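Student: structure of the sequence below:
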Amino acid sequence: MAAGDRRARSAQRGVTEPRQADPLLEERIAQLESLALLSAAVARAATSEDVYAYALDCLQGTLEPDRAAILLFDEDGVMRFKAWRRLSVDYRAASEGHTPWAPETVDPAPVLVADVADDPELAALRPVIEREGIRALGFFPLVHGERLLGKFMVYFDEPHVFSGNELRLAQAIGDHIALAIGRHRAEAELRRQTANVERARWTAERLRTVAQTLVLAFTVRDVANVVAREVRVGLGAAAAWVACIAGDERKLERMAAIGYQPLLEESYAALPLLPGNPTTDAVLEGRALWFEDAQQVVGSYPSLADDYPLTRFEAMAVVPVLIGERPRGVIVLNFDAPRSFGDEEQALLVTIAAQCAQGFERARLYEELEARANAASILAHVGDGVFQVDAHDRIAYWNRAAEAITGISAEIAVGADVTALFPQWQELAGRIDITDTPRATGRRGALRVQVGGRDFAFAISGVATPDSVVYAFRDVTASEELEAARRDFVATASHELRTPLGSVFGATKTLLRRELDEEMRRRLLEIIDQESERLAATLDTLLLASRLDADRLELAVGPCDLAALAADVVEVERMRTPDTVTITLQAPPSLPLAAADAQKTRQVLTNLLENASKYSPDGGTIAVALEADAREVRVSVADEGLGVPYDERDRIFEKFYRLDPNLTRGVGGTGLGLFICRQLIERMNGRIWLESRQGTGSCFVFSLPQA
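Tutor: Below is the predicted model of the structure:
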């Protein structure tokens, strides 16, 4: 199975691999540069230890693990540590040899553990893993050709879900490491098998040269030209031809050709992949062909019996270019004299073909990522949420703003049915304005939308494409709620100001225009005094709310006797409340002092008592109780009034929020009292909350730290 298929099968224990990554262009370029640096570094590496060191540096700089290690099978088939970072002797001794794969494993897939505490297969190693401080880890196979060399591992000190981008990056790094290790082993094998030390050194240098040159090749044609030039010179070939399998997988498409006559080069522009053709079979089956003279070539290709002698070529080598087991292309060398291909030359060509495959893959990824990242980086940075719904009502794209607004990650959203995220989608879709081109002007109306169990107000529009619709939306929930609150406040404030102003105006006009006896004059002046005080209180409330919003309120926190303060407030409020309302006070004989601003705490308690009286239109008892524990002093104000519906409790402390905005029950107010209470208590490091059951009254409680 090919490496690409292997990656498709790779799964993380305890997590689901993301269906689609959405990285930024800068991140992609940085990762490609890291891979390029790793390629250059391992190409220069003189020893396997250098390869390990460069690989660990690359892992640290890209995946950013807390620990990392490289392990290889020894001659006995046991996995041994070859290099590591931040791993103790005890951990290495305990975990060495523990691996999910045997040396003969074919097509191993990465094993990813997002949280070791949840993985039963690591139960035996869990004590030593936990002592090491490891919470997540990943095993990545090192495969060269068809041989499993070992693995590299990354460890994290916190649970870690590997993204699709991290998987691709890790596997690319693993391919580079395995290729470098395979190259070093090939070099060692060449040195052992040949007495010509200089030839082995030259071959190794040629491999390094190819690797270093490929680092600068960023397109498939650049890679092919580098390989054709280097193998032709390196093996003394008369001509070299490098081709890739076309997208339709029906032909070999020429990427580079050197040393051929113009007509012959043109005929090699594209060759069909026909079953039974030796080259086709060799490419698709991953086998190299070595023809030592023209007779062998014609024997395998009878159709060339008349034409091949005209080329003046004799020997020929055909080496497939494979990504894992998946064929990607072919390298063909032609020689102008018969020759045999020694083991060292065959190994050299196979290794260069592997380097060519890595170059092809890197170039393809680079081109694909550059194109996608250019668009993705723009969409990822816009403030509006953007998502795409395909013809099958599945979400094909979900940008970062959509994640931030809804709290739903792209890993969950992409691939899901749109109704799984938007339960009311069928009704909602019919109300969204969809055009053929993006609309640059005009105001999008807000729609009420439920996403992920939460209610939003979205300004949303769509643009239709041939096979999908791209939607852009903006979260206007806060502005819609603020606008609604503003409307309610304007209506409420108008009522709260108009009523006392009307009384003052009427009393003043009466005093100015009529001759009145002393008793009537006094009554009218008392009305003016009371209503003016009411106006001043309303304006003070608005001013205080404004100062709280601007964070310009100063507090004088110090030791405060809440029992004495509560007694004073209750005494004053008893004189203000209707006869149908009774206020009681219960406090222990020795209550600890609280750390509070006495004036602001008095205002909080006064607001709560006035609120309790206001929402007790039928009268009843308002019970004020004080108590303390080891750290706090608590004050509760309980009434027998209207109560607060359960679904309104989360909003009761919001600015401008009123339980009876339309004044249907005759309860007035600005909707700022409880907002101010919460702000003042929290700024004194306290807490305030509501205990309420609709129809049975309310109980507001606030606590302050002890002095």
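
Student: how's this structure carved up into domains?
Tutor: Annotated domains of the chain cover 3-187, 214-366, 384-475, 479-549, 558-705 [automatic domain parsing].

Student: all helices of the stretch 101-250 of the chain, in order?
Tutor: Secondary structure of the stretch 101-250 of the chain (DSSP state H, counting those that start in this stretch): helices at 126-132, 164-193, 197-214, 220-235.

Student: in the stretch 501-650 of the chain, which spans are strands?
Tutor: 558-560, 581-586, 594-596, 620-628, 632-638 (DSSP state E, counting those that start in this stretch).

Student: re earlier: can you list the domains of the chain in TSV and add distance to R208, mean neighbour count and mean pLDDT?
Tutor: C-beta coordinates here come from the backbone N, C-alpha and C atoms, glycine included. Listed next are the domains of the chain as TSV, based on distance: least, C-beta to C-beta, whole Å; neighbours: other C-beta atoms under 10 Å; pLDDT from 0 to 100:
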stretch	distance to R208	mean neighbour count	mean pLDDT
domain 3-187	5	18	81
domain 214-366	10	18	84
domain 384-475	40	16	80
domain 479-549	62	14	69
domain 558-705	66	17	84
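
Student: for A354, what is the enclosing helix or strand?
Tutor: helix 343-381 (DSSP states H and E).

Student: check which element follows that helix along the chain.
Tutor: strand 385-390.

Student: can you list the strands that that following strand pairs with?
Tutor: strand 395-398 (antiparallel), strand 468-475 (antiparallel) (DSSP bridges).

Student: just put the ones you listed in CSV and tack on distance to D281.
Tutor: Formatted as CSV, the strands paired with strand 385-390 follow (distance: least, C-beta to C-beta, whole Å):
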stretch, distance to D281
strand 395-398, 39
strand 468-475, 41
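
Student: centroid-nearest residue for this structure?
Tutor: Computing the C-alpha centroid of the chain and ranking residues by C-alpha atoms, centre = their mean puts S409 first, at 6.3 Å.

Student: give me every residue that touches that one.
Tutor: E403 (C-beta atoms under 8 Å, 6 or more residues apart in numbering).

Student: tell me the SS of Q60?
Tutor: Under DSSP: H, G, I helix; E, B strand; the rest coil, Q60 falls in the helix class.

Student: that one contacts R85, correct?
Tutor: Yes. Q60 is in contact with R85 according to C-beta atoms under 8 Å; the separation is 7.0 Å.

Student: shared neighbours of these two, which are they?
Tutor: Joint contacts of Q60 and R85 (C-beta under 8 Å, 6+ apart) are A68.

Student: ok, residues contacting stretch 417-424?
Tutor: 389, 393-395, 406, 408, 413, 425-426, 428, 449-452.

Student: if you set the cut-off to 6 Å instead, what comes out?
Tutor: 389, 393-395, 425, 450-451 (C-beta atoms under 6 Å, 6 or more residues apart in numbering).

Student: and stretch 597-617, by the same measure?
Tutor: 555-557, 560, 565, 569, 573, 577, 581, 622, 637, 639, 641-642, 667, 673, 677, 680, 700.

Student: that one: how far from the chain's middle?
Tutor: 46 Å (C-alpha atoms, centre = their mean, to the nearest Å).

Student: what do you get for stretch 113-127?
Tutor: For stretch 113-127, the distance to the chain centre is 25 Å (C-alpha atoms, centre = their mean).

Student: how far does it stretch from start to finish?
Tutor: 16 Å (C-alpha to C-alpha, to the nearest Å).

Student: same thing with stretch 576-587?
Tutor: Stretch 576-587: ends 22 Å apart by C-alpha to C-alpha.

Student: can you give the distance of it from its chain's centre?
Tutor: 56 Å.

Student: residues touching it, excluding its own?
Tutor: With C-beta under 6 Å, 6+ apart as the criterion, stretch 576-587 contacts 563, 570, 573-574, 613, 616, 619, 621-626.

Student: could you do stretch 57-69 as well?
Tutor: Counting by C-beta under 6 Å, 6+ apart, 31, 34, 38, 56, 81, 84-87, 153-157, 169, 173 sit against stretch 57-69.

Student: for the helices of the stretch 101-250 of the chain, which one sits closest to A507?
Tutor: helix 164-193 (74.9 Å; C-beta to C-beta).
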